[in-house]
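> Sequence first, predicted model second:
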Amino acid sequence: MSGTKLDILWSPVHHDKFIVWGPDITLYEVAKLTEIEKKTTFSQISSTRGATVLASQSASGVRCVDISAIADHPDLLLALGHVSGRVTLASIKQTYDPLGLVGREFVPKYGRPCNGLSWSHDETNLIAVALDKHRSDNCIQVWDANRSSMSTDEFTENTPALQSEPARPIAELALSETAHSVAWTDLGNRTLAASMNMKHIKIYDLREQSGTAVGVATSRQCLGVCAARRGWQLASRGEAGVCVWDARALARPLLTLPCARPPRKIQWCPTRRNLLMSLQRDSSTLRLHDIQHAQEYRSSQSVDSSMSATPALEEAEEGGARGPSVLERDVSPAAQPLAAFCWHPAHEARLLALCLSGGVVEYTVCERVTLAWGARGGLVWAGGGALRLMRDDFYGALQDVSHRMQRRAATDYGLKPDLWQNADLAEDEALSGLWHFLALSKSLVEDGCFRNSPWKLPGVRTVLRAPGDGGYRSEAVPLLLPDMPNRKVTVYRSAERTCALQLCGWGWGWENAGVGVERAEAEGTPCRAAALAAFHLRTRTALDVLARAQEPRLRVAALVVVIERVTLALAGPGADERLWRDAMSAAAPALPDAYLRALLHFLAATASAGAAQPDLSAVLNETEMRLEDRVAFACIFLPDGRLQEYVRATCDALTEQGDLAGILLTGVSPEGVALLQRWVEATGDVQSAALLAARCCPADLLRDRRVSAWLERCYRTLLDSWRMWWARCALDTCVCACAGEAGEGAGSPAAARRVGVACNYCGKCVAAPAHSARPRAALARLPPPANKMKISSCPNCRKPLPRCGVCLLHLGTGSGFVSVGGVGGGVGGIVGGSVGVGGAQFGGWFSWCVACRHGGHAAHLLQWFSEHSECPVSSCSCRCSSLDPPDQL
């Protein structure tokens, strides 16, 4: 079969049937594998469908085949074009023929090979036939399947004819020419496209009585032509490739698609616009050409690797024109060479591929999906002829960080007046703990606990300075356990350690710790409460807390193990002291809670009364404990050298991990910025980092490139894209407040963000600088005249300033400075800042519409647009107040 022409065709009416023709014509019926009866021979064409042979007949002498679209015929009605030019109507499966069409023949005047034929899908009784050249006959003939004979000059009238007269075509075109293929088009009623004479593509309108072509294109790619459904596109193939044409302008092809090998077949997708498929000779893949009419021509440097730039494209680009482009990709229905293919007439992106060996494969083309992100994070894509939008609850289920940031920004997260109020809006335990710590650090700074801290909100490492940085020396104090008088423990005290304990939320002494134990027990963490009591040398209190635990398993595991060992400890040291100490250390890993394990490790380490430096590393290695508890424990029981080493190692590890708990050690310092940067890289939550910097960073850290990136390039851009102007304004206010507290000058970033009004004549700022006021004489006690205080002109070139559109007075103030305000499309959203010594009241701001350029005092404009919708300038009809969308509450 490899040397014989093979083709495959879906039925345009019976969507579950197709034919394969070559030496024979075989009719198949497609069904699901589960619906095919047992013991029935079938060919599996996909993972879910199989094809069963219904009938077959010889195709000797047949050169072309097409299937009728007549819906009233019970079975497939075929038109067979023979070598002699004769066209016969046949039905492979011999069934009832209600229309009497089976067996009819249409014979040309002079015999020559039939090159192609096409049934009309609009007028299903018409058949167009393409024939070889004959000097005395036309090569394109249109037959009416319902008529047996007809006069040559009759086209529209249904007049009876003699039965003895042979059937004649209703239209004949192209005398003494050769037609290679013919196809019906949707350009108009009864319109044909044909490839002619190895060099022409012609369009014929059968409504024209002259029979001449209404459109002609010259091209070498004219061995076959096909027309797209519901459009103006035509496609033709040749030895060098495929051309795409616009039937309304055939001067040159829209696109020229070169191919490595000559195309064997081309066909437009009937269910998808602008999608063309081609099959090259001896190829095992099908090439999809997706015509993109909405794209702008690009230069060869910007064409993506998945796109093919054609000569037609390059010519159009040189001229600066706009037009279509093409996206090309290959699909592989089978691993062997293909002979033909056919799109399904109704099912989207479904096709059949015919292999050279005769096998049939069903394939579904996956459509190229185009995604687009909205400004507020909405995901939109096109598919299946529809535009789809992802629902908001999808992002909530995914825990998407951008969706979470947008939701938090709507609740004024990070902008609450008290830092601890932001913890409830964080929706994250680590962030909530961070805001609580910042609030604690700020309150301690305001209370005067840290007098020499270089940072606004210090951390433990800032307080516990190293010996080389003006460090401290702690006092070692031996203490007896109140509940175990024979046990002695050494603790260390200093002012710096006390400050560190306050940052950890502990405080020094049992008076402060007792409150923390009660709070931990009330929060439902009895293990932590017991450990805190034991770390403050109150073993009896720890046992009482564990005895009140609500969880039975925890109470049994704790009381059975801990109380037994503590009871031995209360009995006093004996010969078996090492034995029970080892037993406690061995029993600790079996406990379910880290605080219980730390409690046993602590009792085991302090068992020997004579040990000056007990090994407490097992307690500090319980990383499941809170960081503040471990650091506070180290501040009480570790000497200065070991404490510094532990704090440094823990701080480095947490910074490397990007753990927010490390801010307890670093504070808001350069080390804290490095930790936040690692955390942002890991989570993408730039919102919290930017807000923390805006609220807590001093002016020096605001100039850090990482902090600037959080504020300027990331979070401000996000707020602008989300159109959250109030949150953006509050963020800028916080940043300016931080810079103002540090006394930033004119060259600071905060000052650079101020807005000024430039004179339209000289281009200089119309605000009078603070130092430009002339000094008054020592005895000049009387105030200057009132008119001296008015600024109605530019202080540099003395040209008049614009007038207010409402009061018609010159814009300006009488205090030596000018305030400005811009309008983002209308007067509804006025934003701005002040330039000069201070800022004027909002009512005196310069405000204007960026559409019509008219404006005035902000207070006057607000009053005007509360009663009017058009601009106050009489000659302007701009509706300034309606240009901005309403504020989103």
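That came through fine.
> can you list the domains in this protein?
Domain assignment for the chain by automatic domain parsing gives 475-638, 759-769+788-889.
> Lowest average pLDDT across these?
Of all these, domain 759-769+788-889 carries the lowest average pLDDT, namely a mean of 69.
> For the residue nearest the centre of the chain, which non-adjacent residue is spatially closest?
In the chain, the centroid-proximal residue (CA atoms, centre = their mean) is Trp373; its distance is 4.4 Å. Leaving aside its sequence neighbours, Trp373 sits nearest to Leu379 (CB to CB, 6 or more residues apart in numbering; 6.2 Å). (Each C-beta comes from the backbone N, C-alpha and C, glycine too.)
> and the one you found, what pLDDT?
83.
> Run a quick neighbour tally on it.
Other residues within reach of Leu379, judged by other CB atoms under 10 Å, total 15.
> Phi, psi for it please.
Phi and psi for Leu379, reported as degrees, to the nearest 10, are phi -100, psi 130.
> and it, what is it in contact with?
Taking CB atoms under 8 Å, 6 or more residues apart in numbering, we find Leu379 in contact with Leu371, Ala372, Trp373, Leu389, Met390.
> which of the residues you listed are buried?
Buried by 16 or more other CB atoms under 10 Å: nothing, out of those.
> Could you tell me which of these belong to strands?
Of the contacts of Leu379, the ones assigned to strands by DSSP state E are Leu371, Ala372, Trp373, Leu389.
> could I get those as TSV with distance to Leu676 and pLDDT?
Listed next are the ones in strands among the contacts of Leu379 as TSV, based on distance: CB to CB, whole Å; pLDDT from 0 to 100:
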residue	distance to Leu676	pLDDT
Leu371	31	84
Ala372	32	84
Trp373	26	79
Leu389	34	84
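> Pipe the residues you listed into CSV and attach distance to Ala690 per row.
Formatted as CSV, these follow (distance: CB to CB, whole Å):
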residue, distance to Ala690
Leu371, 27
Ala372, 26
Trp373, 21
Leu389, 29
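> Show me which of these is closest to Ala426.
Closest approach between the ones in strands among the contacts of Leu379 and Ala426, by CB to CB: Trp373, at 25.1 Å.
> which parts of stretch 604-624 are buried?
Neighbour-count burial for stretch 604-624 [16+ other CB under 10 Å]: Ala604, Ala605, Thr606, Ala607, Pro614, Leu616, Ala618, Val619, Leu620, Glu622.
> out of the residues you listed, who's nearest Ser136?
Glu622 (105.1 Å).
> Quick check: the closest one touching Ala594?
Yes. Judged on CB atoms under 8 Å, Glu622 makes contact with Ala594 at a distance of 4.7 Å.
> Please name the residues that touch Phe42.
Neighbour list for Phe42: Ile36, Gly50, Ala51, Thr52 [criterion: CB under 8 Å, 6+ apart].
> ok, now which ones touch Leu415?
Contacts for Leu415 were tallied using CB under 8 Å, 6+ apart; they are Asn422, Leu691, Ala727, Ala730, Leu731, Cys734.
> please redo it, this time with the cut-off set to 6 Å
By CB atoms under 6 Å, 6 or more residues apart in numbering, Leu415 lies in contact with Ala730.
> Ok, Ile291 next?
Residues near Ile291 by CB under 6 Å, 6+ apart: Asn274, Pro324, Val326.
> Distance from the chain centre to stretch 95-102, please.
Computed by CA atoms, centre = their mean, to the nearest Å, the separation of stretch 95-102 from the middle of its chain amounts to 58 Å.
> what's the farthest-apart pair in the contacts of Phe42?
Within the contacts of Phe42, Ile36 and Ala51 form the most distant pair, 9.5 Å apart (CB to CB).
> what about the two, which has more around it?
Remark: of Ile36 and Ala51, Ala51 carries more neighbours, 23 against 18, as counted by other CB under 10 Å.
> Chain neighbours aside, what residue packs nearest to the more buried one?
Nearest non-adjacent residue to Ala51, counting by CB to CB, 6+ apart: Tyr28, 4.2 Å away.
> Just to be sure, that neighbour is in a helix?
No. Judged by DSSP: H, G, I helix; E, B strand; the rest coil, Tyr28 forms no part of a helix; its state is strand.
> How much space separates it from Glu367?
Counting by CB to CB, to the nearest Å, the separation of Tyr28 from Glu367 is 26 Å.
> Check Thr606 too.
According to CB to CB, Thr606 and Glu367 sit 72 Å apart.
> And the buried residues of stretch 604-624, which is closest to Cys696?
Taking CB to CB as the measure, Cys696 lies nearest Leu620 of the buried residues of stretch 604-624, at 28.5 Å.
> Any chance of the backbone angles for the nearest residue to that closest one once chain neighbours are set aside?
Once flanking residues are discounted, Leu620 sits nearest to Arg630: 5.7 Å by CB to CB, 6+ apart. Arg630 adopts backbone torsions of phi -70, psi -40, taken as degrees, to the nearest 10.
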